[in-house]
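>>> Build the 3D model from these lines:
(one chain, ligands or ions: 1)
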Amino acid sequence: MSEAWDAIVIGAGVAGASIAYHLSLRGLKPLLIEADHIGAGATGRSSGLVRMHYDVEEEARLAWASYAYFSGWSDRVGGSCGFTRTGFLQIVPPEHNESLRANVAMHQRIGIPSKVLSAEEVQDLVPVFSTEDFEFAAYEPGSGYADPAATTTSLVEAARGLGARLIQGCKVVGIRVSGGKVVGVTSTLGDHDAPVIVNCAGPWAGEVAKLAGVSLPLDTWTHDVMLVQRPPQVASHPAVIDDALTMYFRPETGGLTLLALEDCNRFGEAPDRPLEGVSKGFVERAVERICRRIPGMEKAAVQSTYCGRDGLSPDQHPLLGPSGPQGFFLACGFSGTGFKLGPAVGACMAELILDGRASTVDISIFSPDRFSQGRTIQSEHPYGPLWTS
Ligand SMILES: Cc1cc2nc3c(=O)[nH]c(=O)nc-3n(C[C@H](O)[C@H](O)[C@H](O)COP(=O)(O)OP(=O)(O)OC[C@H]3O[C@@H](n4cnc5c(N)ncnc54)[C@H](O)[C@@H]3O)c2cc1C
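Prediction:
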């Protein structure tokens with residue numbers, strides 16, 4: 001016998017959890033189906049950076065709308081998201097100075113506290129940095145990082161408190177369509193019916209879409225991360241995206257620094273391929289770059305390494321919206337930057353599903369149809385693709 005729900009959300013990463021929560025807030029009873037456990041995909045391995053600096057306005061708006069959740073989590077959602085305010089610097093190479101100025105002006109226009117700092121001002125802010133290879137950086141004093149597992153768990157708990165149901169260890173293996181509309185899913189634990197199905201399956205979203213007869217141009221992105229124990233002379237530092245040295249890093253609890261590279265990523269791995277080990281040469285490259293930015297890190301000790309995998313779209317921007325049979329929606333292809341967008345993505349998708357359009361942020365630019373229509377998202381003031389191999 002099958003069970004009937006108002007909506008079925010496939011995947012309990014941050015996107016699925018947030019959509020289930022926001023649908024529940026609007027009075028629906030969604031079923032959240034997770035093949036493994038909460039946060040088992042990209043979310044559980046996310047570096048958790050929370051910043052608003054994007055070169056596409058709609059993404060900056062999604063990050064800014066999400067920031068309102070992260071910075072007031074316990075009152076708004078309940079539980080904890082582990083948000084830690086460290087300040088955030090976006091360092092760019094000199095050829096991107098003009099883009100940086102234009103993007104900070106755009107951020108300020110939409111209300112994000114951000115300003116341009118000269119290299120000298122960065123040096124004053126973070127005396128342990130070496131700053132001679134760049135001229136300007138953007139600074140967001142309120143940004144930092146959050147705990148992706150805690151964030152996602154508290155969204156699921158809040159949704160359950162409003163009547164949503166979570167089933168873990170249950171894989172969706174079929175999507176049933178009748179008369180051009182979705183009517184339910186077949187899972188490893190039986191059938192479940194709903195007129196709305198949302199594909200939030202992260203790196204597996206292409207496989208899940210195929211179950212509904214939808215072909216997506218999704219790839220996978222596998223990304224290496226390293227934790228180092230800071231030496232006493234490097235007490236702390238802000239969260240940083242360092243495009244001049246093609247890396248990002250942030251403080252982690254226990255005197256650690258989390259560090260990853262914008263290059264050195266692996267594309268096209270099967271979503272189910274075990275996540276074992278980092279690429280050859282990753283540790284050496286990462287150590288060399290962090291020591292260039294923070295010379296005192298020469299005395300740091302490598303603590304551990306791991307990798308994670310996300311869904312990657314052709315323009316490295318998410319797919320948000322309807323696709324294929326009526327009632328089938330996508331929130332996927334977050335391309336390595338979707339954690340911080342999660343709260344607002346949930347609000348927008350609930351609005352799109354229930355009201356026909358998103359009002360928190362206009363997400364029409366992220367329409368999944370853009371690729372079949374020959375469009376990709378282009379920044380007015382680009383820094384180039386974030387991720388390369
Ligand atoms: C190493 C790494 C570092 C990152 N750092 C950052 C960062 O600093 N800041 C940031 O904003 N973003 C970051 N990201 C990106 C961000 O983590 C992801 O974009 C985001 O977590 C994607 O969430 P999701 O819910 O779409 O997918 P996922 O978290 O991958 O969730 C998908 C879920 O679907 C489930 N699933 C799959 N198939 C099925 C099925 N058939 N039936 C049922 N369930 C299914 C999976 O088990 C999984 O739990 C990083 C990602 C990685 C991998």
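
>>> Up against the ligand, what does the protein have?
10-16, 33-36, 40-43, 45-49, 171-172, 200-204, 208, 223, 225, 308-310, 332, 334, 336-340 (CB under 6 Å from any ligand atom). (Each C-beta comes from the backbone N, C-alpha and C, glycine too.)

>>> OK, contacts around residue 311?
42, 201-206, 218-221, 332-335 (CB atoms under 8 Å, 6 or more residues apart in numbering).

>>> could you list every residue that touches whichever residue of the stretch 151-300 of the chain sits closest to the ligand?
Nearest residue of the stretch 151-300 of the chain to the ligand, counting by CB to the nearest ligand atom: residue 202, 2.2 Å away. By CB under 8 Å, 6+ apart, residue 202 lies in contact with 11, 13, 15, 41-43, 271, 310-311, 332, 334.

>>> from the residues of the chain next to the ligand, which would you call buried?
10-16, 33-35, 40-43, 45-49, 171-172, 200-204, 208, 223, 225, 308-310, 332, 334, 336-340 (16 or more other CB atoms under 10 Å).

>>> Okay, and which of these map to strands?
10, 33, 49, 172, 223, 225, 308-310, 332 (DSSP state E).

>>> ok, so of these, who is nearest residue 289?
Nearest to residue 289, judged by CB to CB, of these is residue 225 at 13.8 Å.

>>> gap between that closest one and residue 3?
39 Å (CB to CB, to the nearest Å).

>>> and if you look at residue 19?
Taking CB to CB, one finds residue 19 at 19 Å from residue 3.

>>> Neighbour count: the two, which is higher?
Higher neighbour count among residue 19 and residue 3: residue 19, with 30 against 14, using other CB atoms under 10 Å.

>>> looking at this, the more buried one is in a helix?
Yes: Residue 19 forms part of a helix when assessed by DSSP: H, G, I helix; E, B strand; the rest coil.

>>> Next, the contact list for residue 220, please.
Residue 220 touches 203, 267-271, 309-312, counting by CB under 8 Å, 6+ apart.

>>> mind redoing it with 6 Å?
203, 269, 271, 309 (CB atoms under 6 Å, 6 or more residues apart in numbering).

>>> Would you mind giving these as a markdown table with pLDDT added?
Output for the contacts of residue 220, formatted as a markdown table (pLDDT from 0 to 100):
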| residue | pLDDT |
| --- | --- |
| 203 | 98 |
| 269 | 97 |
| 271 | 98 |
| 309 | 98 |
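
>>> between these, which is nearest residue 357?
residue 203 (28.3 Å).

>>> any idea which helix or strand carries residue 66?
Here residue 66, judged by DSSP states H and E, is contained in helix 57-70.

>>> OK, contacts around residue 303?
227-229.

>>> Which positions within the helix holding residue 66 qualify as buried?
So for helix 57-70, counting by 16+ other CB under 10 Å, buried means 57-67, 69-70.

>>> Would you map the strands across the stretch 101-250 of the chain?
115-118, 136-140, 144-145, 165-167, 172-178, 181-187, 190-193, 197-199, 219-229, 239-242, 247-252 (DSSP state E, counting those that start in this stretch).

>>> what angle separates the second one from helix 57-70?
Between the axis of strand 136-140 and that of helix 57-70 there is an angle of 40 degrees, by axes from the mean of the first three to the mean of the last three CA atoms, to 10 degrees.

>>> got the contact list for strand 136-140?
Under CB under 6 Å, 6+ apart, the answer for strand 136-140 is 51, 53, 88-91, 97, 100, 104, 114-117, 122.

>>> Neighbour count and distance to residue 253 added to those, as TSV?
Output for the contacts of strand 136-140, formatted as TSV (neighbours: other CB atoms under 10 Å; distance: CB to CB, whole Å):
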residue	neighbour count	distance to residue 253
51	28	19
53	25	24
88	26	17
89	23	20
90	29	23
91	27	24
97	14	34
100	25	30
104	23	30
114	25	26
115	13	28
116	17	30
117	19	26
122	21	24
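
>>> All good on my end, thank you.
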